[in-house]
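Chemist: give me a 3D structure for the following:
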Amino acid sequence: MATNQLWRWRGLTLHAEERHGTLWALNRPEALMSLQQQGITALSLRRCTVRAAYWHSNWRCEIIEQLATLLHAGLTLSDGLEMLASQHPVPQWQALLATLSQRLAEGVSLSDSLRQWPEAFPPLYLAMIRTGEVTGKLDICCRALAQQQKAQQAMMQKVKKALRYPCIILLLAIAVVVAMLGFVLPEFTAIYRTFNTPLPLLTQVVMNMADAVKLHYGLIALFLTLPVLPGILLKKNPRWQRLQARVALSLPVMGTLVRGQMLSHIFTVLSLTQSAGIAFLQGLETVEETVAQPFWREVISRLHHDISQGSPIWQAMGNGQVFTPLCIQLVRTGEASGALDQMLQNLAGYHSEKTHQLAENLTSLLEPMLLVVTGVIIGTLVVAMYLPIFHLGDAISGAG
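Modeler: Numbers count the residues shown, from 1 in each chain. Purely as a prediction, here's the structure:
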């Protein structure tokens, strides 16, 4: 299937006024025809590079939030999209928003137009905007969607930061140790061996390690990269991704963080779709489409299957073995009392807050702990290097 291309144009209007902008078209003739339909005579037309990085969630979240504000202020949807297009700093977003406005003028709904742009708007956006169109509360749905996305992004950044920090510190510590053993200590070894005196045990052990690093640095480098090599080579393999997810969930602290982040995402989306009037099974389909990891997609798919076969929601969650007892109990209470949407919202808030606190506590605990460990390792190497200096006078007189 042909894909849209981004074109930058410059031309004249019917009143001989110069204009410029960007548009999406399948090819050059279609781009020229689109300009002609707008009453613009093209003076120049050239293709532009489309950067996938510009389709990131921050831009679309900001667009949806601004659109909600404009709709709440009384602007029509078409006018709001045109205003956003004229003010957006990224050309490909300018062209996309202008295209959406044109499709609205042609009688195509916003949700149907967004369906043609899955790289820019994931299924959750389509579901919420479609609900807003049906209920006549598009501004409310857009604002709720923007708030959910911003909260989810903040929590994901917090979790990534908590997991990234110890990895960086450990890698730096390993790099410093390898550098000292491979380059610094051999120089000291050459000096100390000129004296015919026994070295302290600590110094001798460290120097033996330095010799081993110097002789077998290739094998050591391979040994250090071996744990991450499968992750690089099998990054897109579904079986490897499932194994990674299971291992991550089984780890003491990391498993709690990952589980909390995913449960927060699942219950937040379900709460959002339930409050918007979307059926629970349809909400599960939306959740499944917004989850990237195959393991969690299978969890949601099994949950959807069990519920569609007649199982209560809480019982289907119990079969999944990833939902906590609190999740099952609150969902059971919500089903029995008819307040499922409220219980889902409570679960989303609970897991989000708990994950935030755990990430902050983990970061505050790991910082001093890793500094102490790194300091002990490097301090031991420094002491081992300079310990013979205290006996250097005896060594020199013995050599003389």
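Chemist: the stretch 1-150 of the chain: strands as residue ranges?
Modeler: In the stretch 1-150 of the chain, strands defined by DSSP state E, counting those that start in this stretch lie at 5-12, 18-25, 41-48, listed in chain order.
Chemist: let me have these in JSON lines, extended by mean pLDDT, distance to residue 174 and mean neighbour count.
Modeler: No exception for glycine: its C-beta is placed from N, CA and C like everyone else's. Below are these laid out as JSON lines (pLDDT from 0 to 100; distance: least, CB to CB, whole Å; neighbours: other CB atoms under 10 Å):
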{"stretch": "strand 5-12", "mean pLDDT": "90", "distance to residue 174": "44", "mean neighbour count": "18"}
{"stretch": "strand 18-25", "mean pLDDT": "88", "distance to residue 174": "47", "mean neighbour count": "17"}
{"stretch": "strand 41-48", "mean pLDDT": "90", "distance to residue 174": "43", "mean neighbour count": "13"}
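Chemist: can you put those strands in JSON lines and add distance to residue 95?
Modeler: Below are those laid out as JSON lines (distance: least, CB to CB, whole Å):
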{"stretch": "strand 5-12", "distance to residue 95": "6"}
{"stretch": "strand 18-25", "distance to residue 95": "4"}
{"stretch": "strand 41-48", "distance to residue 95": "9"}
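Chemist: of all those, which one is nearest residue 218?
Modeler: Nearest of the strands of the stretch 1-150 of the chain to residue 218, taken as CB to CB: strand 41-48 at 45.8 Å.
Chemist: between the closest one and strand 5-12, how many degrees?
Modeler: With axes from the mean of the first three to the mean of the last three CA atoms, to 10 degrees defining the directions, strand 41-48 sits at 150 degrees from strand 5-12.
Chemist: identify the residues contacting strand 41-48?
Modeler: 5-12, 18, 22, 28, 31-32, 35, 91-92 (CB atoms under 8 Å, 6 or more residues apart in numbering).
Chemist: from residue 312, how far off is the spatially closest residue to residue 177 that is not a sequence neighbour?
Modeler: Nearest non-adjacent residue to residue 177, counting by CB to CB, 6 or more residues apart in numbering: residue 377, 6.1 Å away. Distance of residue 377 to residue 312, computed by CB to CB, to the nearest Å: 54 Å.
Chemist: residue 381 now?
Modeler: From residue 381 across to residue 312, the span is 61 Å (CB to CB).
Chemist: so which of these two has more stuff around it?
Modeler: residue 381 (20 against 14; other CB atoms under 10 Å).
Chemist: quick one: contacts for the more buried one?
Modeler: With CB under 8 Å, 6+ apart, residue 381 has these contacts: 177, 180, 181, 185, 206.
Chemist: ok, now with 7 Å
Modeler: 177, 180, 206 (CB atoms under 7 Å, 6 or more residues apart in numbering).
Chemist: give me the element it is part of.
Modeler: Taking DSSP states H and E as the definition, one finds residue 381 inside helix 340-386.
Chemist: that older thread, and which of the contacts of residue 381 is nearest to residue 318?
Modeler: Checking those against residue 318 with CB to CB, the nearest one is residue 177 at 47.5 Å.
Chemist: what number of residues lie near the closest one?
Modeler: 17.
Chemist: which SS class is it?
Modeler: Following DSSP: H, G, I helix; E, B strand; the rest coil, we place residue 177 in the helix state.
Chemist: between the strands of the stretch 1-150 of the chain, which one is nearest to residue 303?
Modeler: strand 18-25 (37.6 Å).
Chemist: partner strands of that closest one and their direction?
Modeler: Here strand 18-25 is paired, per DSSP bridges, with strand 5-12 (antiparallel).
Chemist: next one: the residue positioned nearest the centre of the chain from residue 258, what distance?
Modeler: Centroid check for the chain by CA atoms, centre = their mean gives residue 156 as the closest residue, at 6.4 Å. Separation of residue 156 from residue 258 (CB to CB) stands at 11 Å.
Chemist: residue 334 now?
Modeler: For residue 334, the distance to residue 258 - CB to CB - is 25 Å.
Chemist: mind saving the C-alpha coords of stretch 111-127 as PDB?
Modeler: Taking Å, rounded to 0.1, in the frame of the first residue of the first chain, the C-alpha atoms of stretch 111-127 are listed here in PDB:
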ATOM      1  CA  SER A 111     -12.000   9.400  14.500                       C
ATOM      2  CA  ASP A 112     -12.200   8.000  11.000                       C
ATOM      3  CA  SER A 113      -9.500  10.400   9.800                       C
ATOM      4  CA  LEU A 114      -7.200   9.400  12.700                       C
ATOM      5  CA  ARG A 115      -7.500   5.800  11.700                       C
ATOM      6  CA  GLN A 116      -5.400   6.500   8.700                       C
ATOM      7  CA  TRP A 117      -2.500   7.700  11.000                       C
ATOM      8  CA  PRO A 118      -1.700   4.800  13.400                       C
ATOM      9  CA  GLU A 119       1.900   6.000  13.700                       C
ATOM     10  CA  ALA A 120       0.700   9.300  15.200                       C
ATOM     11  CA  PHE A 121      -2.400   8.300  17.100                       C
ATOM     12  CA  PRO A 122      -2.600   4.900  18.900                       C
ATOM     13  CA  PRO A 123      -5.900   3.000  19.300                       C
ATOM     14  CA  LEU A 124      -6.700   4.600  22.700                       C
ATOM     15  CA  TYR A 125      -6.900   8.000  21.100                       C
ATOM     16  CA  LEU A 126      -9.300   6.700  18.400                       C
ATOM     17  CA  ALA A 127     -11.500   5.000  21.000                       C
END
